[in-house]
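[1] need a 3D model of the sequence below.
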Amino acid sequence: MATDVLPDVLGDSLIPVINRLQDIFSQVTVDLRLGLPQVAVVGSQSSGKSSVLEALVGRDFLPRGPDICTRRPLVLQLVKTPATAAGAAEKAAATGGSLAAAAKAAAGGNNSQPTEWGEFLHAPGKVFHDFGLIRAEIQNETERVSGGNKNVSDKPIRLKIYSPSVLTMTLIDLPGITKVPVGDQPSNIEHRIREMILQYIREPSCIILAVSAANTDLANSDALQMAQLVDADGSRTIGVLTKVDIMDRGTNALPALRNLVVPLKLGYVAVVNRSQADITANKSMRDARASEQQWFEAHPEYSEVSAQCGTGNLARRINVILGNHIRLMLPTLRKQIAEALDTRSAELKGYGPPLDLGSERARGAALLQMLCGYAERFGALLQGHSEDMPLSELMGGARIRHIFQEVFGRQLRSLDPLRELGDDDVRTAIKNSSGVAGTLLIPQEPFELLVRRSISKLAGPALNCKELVHEELLKIAEAAAPTDLGRFPALQRRLAAAVLEYMQSGAEPAEKMIRELVACEHEYINTDHPDFIGGTRAVKAVMEAREARRAAAAADAAAADGQAGAAGVGSSSRHQVGRHSICWLCNC
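    This next block holds a predicted model:
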C-alpha cells in the first residue's frame with residue numbers, strides 16, 4: 001500500500017456519479033450509448049501496463065504470466081473511502097455500491113484498521129476482501145467468456161475497488177498490443193486488439209493513458225501510435241514512461257519528460273515498477289513505492305521534473321485531469337441524456353396506457369388481448385383491410401397476389417423448352433438411345449428424355465415463388481406486431497420466434513409438395529392429352545401439310561396456265577385482225 005493516505009483532490013464528487021452511470025448503462029438492454037468520461041490504459045504487451053495499474057491501486061490483483069494476460073477489457077473503478085470501516089461502508093453506499101456489500105465491508109473490519117474490498121458487477125452483493133481472490137475471479141471470468149487458451153474478447157469485466165489509499169478515478173485496462181498469435185488466437189489477433197482499443201479511445205470523452213517503455217524509442221511506441229490515430233494533437237493523451245530504471249547507462253528519460261520527443265499537451269510521467277525478481281520475492285507495494293522514491297532521489301537529474309515522477313504524482317495527475325475533463329463534458333452529457341430521455345419518453349407513450357398486471361388472471365387477459373390484436377392485424381394486412389397499408393409499394397395480400405399472377409406467371413411464360421434444344425441435340429439423343437444395335441424406327445426413349453428435361457425446368461420458378469411468398473408472410477408478421485408489444489421485449493422475442501417457427505413449418509412441406517408435383521409430371525408423360533401431338537397425329541399433320549402444299553402448287557400451276565392461255569388467245573386475235581387488214585388492203 002502507499003505510505004500515506006492520499007488527500008482528497010478534485011473529482012471525488014464527479015467521478016462516482018459517472019461511475020454509477022456507467023454501471024447502469026452497462027446493464028440496460030436499450031440501445032443507448034453515451035460518451036462517458038473515462039481513462040483507457042493502452043500499451044504493448046510487456047510494457048508494464050498491468051504494473052502501473054497495480055501501483056495505482058497499491059495491491060496485487062491482476063493476472064500475470066509470460067504471455068498475454070489481459071484478454072478482456074477491465075473497467076476498474078477506484079473509490080476513495082475514509083480510513084475507518086464505518087466511514088468506508090457509508091461512502092460505498094453513497095457511491096453506488098450495494099448496501100449488502102457495504103454492510104459486509106463494515107462488518108469485515110474495525111474502526112482502527114483501513115477497510116478495502118472489491119466488487120464485481122457480474123457478482124452483485126459479493127465482497128472480495130482478499131485481493132488474491134479478485135485475481136482468481138478475473139481469471140475465471142476471462143476464461144468463462146474467452147476460453148482457457150489465449151483468445152481475447154471485447155466484453156468488459158467491471159470491477160470496483162474501495163480503499164482509503166487510492167484516488168477516485170476510472171481506468172480501463174485494455175489487452176496489450178501483440179504481433180504474433182499464440183494458442184487459439186486467430187491470425188488477425190493484432191487487428192482485433194487494435195480495433196478493440198480504438199473502440200474505446202476514439203470517443204472524445206476518453207482520456208488515453210499511453211504506457212511506453214522508456215528504454216525503447218518513443219517514436220516506435222505502439223501506445224503513442226494508437227493515440228495519435230484518434231488524438232493527433234495530444235490534447236487528451238497522458239504519456240507514462242516505465243522501466244526508466246533499466247535504461248542504457250548514460251541515457252535518461254528527461255527529453256521525453258520535457259516533451260521534446262513526441263509532444264503531448266498533457267505531458268509525461270515516469271514511474272519505476274517492481275521487477276520480476278521483486279514480484280517473485282513478494283515485495284510489497286509499500287516497499288516498492290519506497291524503492292521508487294529512493295531511486296528518483298538517487299538520480300538528481302530528475303529533480304527538475306520531480307512533479308512528473310512517481311506513482312503518486314501519476315495518480316494525482318490522472319484524478320485532476322479526469323475531474324476537469326468531466327467538468328468540460330458535463331454540458332454535452334446533459335444534452336445527450338436529455339435527448340435520450342425525450343426519445344425514450346416518446347417511445348414509452350407509444351406503448352399505450354399502463355396495463356393492470358397485478359394478478360395472474362390480469363396478465364393472462366392482457367396476453368390474450370395482445371395475441372388477438374396481433375392475429376387481427378395479420379388478417380387485415382393479408383386481406384387488404386388494414387389502414388396502415390403503404391401507398392408507395394405493394395404489401396400484404398396484394399403483394400402475394402402479384403407474386404403468383406405476375407412474377408410466377410411471367411417466369412412460366414418465359415420458359416421455352418426448345419430454347420436450348422437444336423436439331424443436332426435431337427439427332428444425338430436418338431442415336432444415343434439406339435445403343436450398339438441401332439434401330440429402324442424412332443424410339444420413344446429420346447422423346448421422354450428430352451421432355452423430362454423440359455419438365456424439370458418448372459421446379460425453379462415454383463420454388464422461387466414459394467420463397468417470395470414466405471418472405472412476404474414474414475414481412476406481414478413483422479408489420480402486424482402491435483406497438484405496445486415493445487414494452488415486453490421477452491414476449492416480443494418469443495412471439496417472433498414462434499411465428500418464424502410456424503412459417504418455417506409450413507415452408508418445408510410446401511417445398512416438398514412442389515418437388516413431388518414436378519416429380520409426378522416427370523415420371524408420367526400423358527400422351528393422351530388433347531394438346532399432345534402423338535405419332536399418328538404427327539404423321540397425319542405431316543401428310544395434311546404435304547397435301548396442302550401439293551394443292552397449293554397445283555392451284556398455282558393452273559393459274560399460271562390460265563394466264564398463259566389468255567395471253568395466247570389475245571395474240572392470235574391480234575394476228576387475225578392484222579391479217580384481215582392486210583387482205584383488205586391487197587383485195588385478196
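[2] so what's the residue count around residue 385?
    Neighbour count for residue 385, taken as other C-beta atoms under 10 Å: 12. Backbone N, C-alpha and C define where each C-beta goes, glycine included.
[3] skipping its backbone neighbours, what lies nearest it in space?
    With C-beta to C-beta, 6 or more residues apart in numbering as the criterion, residue 385 has its nearest non-adjacent residue at 7.9 Å, and that residue is residue 379.
[4] also residue 155?
    residue 145 is the one closest to residue 155 (C-beta to C-beta, 6+ apart), at 5.5 Å.
[5] in contact with the one you found, which residues?
    The contact partners of residue 145, by C-beta atoms under 8 Å, 6 or more residues apart in numbering, come to 72, 153, 155.
[6] helix, strand or coil for the first one?
    The three-state label given to residue 72 by DSSP: H, G, I helix; E, B strand; the rest coil is coil.
[7] what of the second one?
    Residue 153 falls in the coil class when you classify it by three-state DSSP.
[8] got a list of what it touches?
    Contacts of residue 153 (C-beta under 8 Å, 6+ apart): 71-72, 142, 145-146.
[9] center of the protein - which residue?
    Of all residues in the chain, the one closest to the mean position by C-alpha atoms, centre = their mean is residue 154, 12.9 Å from it.
[10] list just the nearest of the contacts of residue 145 to residue 36.
    residue 155 (17.6 Å; C-beta to C-beta).
[11] and residue 210, that's in a strand?
    Yes: counting by three-state DSSP, residue 210 is part of a strand.
[12] hang on, residue 166 in a helix?
    No: counting by three-state DSSP, residue 166 is located in no helix; its state is coil.
[13] would you confirm that residue 59 contacts residue 116?
    Yes: between residue 59 and residue 116 there is a contact under C-beta atoms under 8 Å: 7.5 Å.
[14] residue ranges with poor pLDDT in this protein?
    1-14, 25-35, 65-68, 83-114, 440-442, 534-536, 538, 564-588 (pLDDT under 70).
[15] what are the ranges of the strands in it?
    For the chain, the strands defined by DSSP state E cover 38-43, 74-80, 117-120, 157-163, 169-173, 206-213, 237-242, 268-270.
[16] residues contacting residue 288?
    Taking C-beta under 8 Å, 6+ apart as the definition, contacts of residue 288 comprise 55, 273-274, 278.
[17] can you redo these as CSV with neighbour count?
    As requested, those are exported to CSV (neighbours: other C-beta atoms under 10 Å):
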residue, neighbour count
55, 25
273, 20
274, 22
278, 15
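[18] for residue 242, give the beta-bridge partners.
    residue 213 (DSSP bridges).
[19] test my guess that it contacts residue 211.
    Yes: Residue 242 lies in contact with residue 211 (C-beta under 8 Å); the separation is 6.2 Å.
[20] joint contacts of the two?
    With C-beta under 8 Å, 6+ apart as the test, residue 242 and residue 211 both reach 47-48, 52.
[21] among those, name the buried ones.
    47-48, 52 (16 or more other C-beta atoms under 10 Å).
[22] list just the nearest of the residues you listed to residue 467.
    Taking C-beta to C-beta as the measure, residue 47 is the one of these closest to residue 467, at 54.3 Å.
[23] quick one: that closest one from residue 389, how far?
    Counting by C-beta to C-beta, to the nearest Å, the separation of residue 47 from residue 389 is 62 Å.
[24] same check, this time on residue 214
    69 Å.
[25] tell me which of these two has more neighbours.
    Under the criterion of other C-beta under 10 Å, the comparison of residue 214 against residue 389 puts residue 214 first, with 23 against 16.
[26] which residues touch that one?
    So, once contact is read as C-beta under 8 Å, 6+ apart, residue 214 ends up touching 241-244, 247, 253, 256, 270.
[27] and if you look at residue 70?
    49-50, 62-63, 173-176.
[28] one more: residue 398?
    Counting by C-beta under 8 Å, 6+ apart, residue 398 has contacts residue 384.
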